[in-house]
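[1] below is the structure, and that's it, no one-letter string:
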Ligand code: FPP
């Protein structure tokens with residue numbers, strides 16, 4: 001969700017005002033996804049590298065997150081949305097952890113859409129964590145190298161049970177993955193836009209999805225093979 005800082009600068013405001021506006025886009029996009037029938041939406045809200053930002057900005061982001069969760073739980077319950085989190089959430093401030101735990105628990109039975117917040121998330125850490133668990137289990141004699149299939153490995157990631165993303169949207173003219181879902185995005189379609197995140201709303205989302213719908217996903221096959229299968 002890139003571009004909050006630049007949006008603020010363009011409007012002669014401080015960076016935190018940009019994040020506040022960005023939180024409005026979060027509300028709008030979650031609502032739009034639910035309306036058009038998206039089953040899983042993952043938002044990269046705070047990376048494991050974001051701790052290095054100025055302390056005041058980190059504190060403001062944590063407060064925004066806490067407020068967002070407190071205010072949106074009603075909306076999630078009303079709209080049948082389940083909340084999950086990926087990343088090392090233990091390192092988040094206790095107030096955020098508490099409301100996160102509470103919202104995850106309260107929405108656990110919801111089935112129409114899953115909203116996943118990536119918080120203190122980094123793909124390298126996630127993959128390393130999975131490798132460490134596998135090595136521990138192998139040392140205890142619980143598994144052998146040949147047991148480590150793609151499916152089994154995916155089960156050690158924080159996204160276990162969540163399908164791989166079909167579409168990645170990156171805003172604000174950045175063309176990087178920034179340590180986001182590296183394992184999970186092997187066959188994900190990418191959509192890059194210059195629109196800054198606070199200006200990214202339902203209309204821009206529909207444009208991104210319409211572009212995605214025109215693509216042919218071949219998963220290594222030829223176009224002919226894909227068409228025959230369809
Ligand atoms: C990156 O843009 C944005 C972030 C690191 C924070 C994203 C947070 C929100 C959208 C609001 C809070 C989240 C929720 C789920 C309520 P940037 O600040 O790097 O922008 P810049 O590149 O223009 O400086």
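    Okay, I see it. If you're wondering where the values come from, they're calculated on a predicted model, not measured in any experiment. Numbering: from 1, shown residues only.
[2] only C-alpha atoms for contact and neighbour calcs from this point on.
    Fine.
[3] now residue 12. Its backbone dihedrals?
    When read as degrees, to the nearest 10, the backbone of residue 12 gives phi 50, psi 40.
[4] how close does it get to residue 5?
    10 Å (CA to CA, to the nearest Å).
[5] tell me where this structure has strands.
    Here the chain has its strands, by DSSP state E, at 40-47, 81-86, 113-121, 167-170, 189-192.
[6] now those strands in CSV, with distance to the ligand and mean pLDDT?
    Below are these laid out as CSV (distance: least, CA to the nearest ligand atom, whole Å; pLDDT from 0 to 100):
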stretch, distance to the ligand, mean pLDDT
strand 40-47, 5, 98
strand 81-86, 11, 98
strand 113-121, 7, 98
strand 167-170, 10, 98
strand 189-192, 14, 98
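[7] rebuild those as CSV, extending it with mean neighbour count.
    Below are these laid out as CSV (neighbours: other CA atoms under 10 Å):
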stretch, mean neighbour count
strand 40-47, 18
strand 81-86, 22
strand 113-121, 22
strand 167-170, 18
strand 189-192, 15
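[8] please identify which of these is closest to residue 201.
    Checking the strands of the chain against residue 201 by CA to CA gives strand 167-170 as the closest, at 12.3 Å.
[9] which parts of this protein sit against the ligand?
    Residues of the chain that fall close to the ligand, judged by CA under 6 Å from any ligand atom: 1-6, 19, 22-23, 45-46, 61, 64-65, 68.
[10] give me the neighbour count for the closest residue to residue 9 other than its chain neighbours.
    Using CA to CA, 6 or more residues apart in numbering and skipping residues adjacent in sequence, the residue nearest residue 9 is residue 15, 7.2 Å away. When neighbours are defined as other CA atoms under 10 Å, residue 15 has 18 of them.
[11] what is the lengthiest helix in the chain packed up against?
    Assignment by DSSP state H gives helix 55-78 as the longest helix of the chain. In terms of contacts (3 or more CA pairs under 8 Å, 6 or more residues apart in numbering; DSSP states H and E), helix 55-78 is packed against helix 15-36, helix 94-107.
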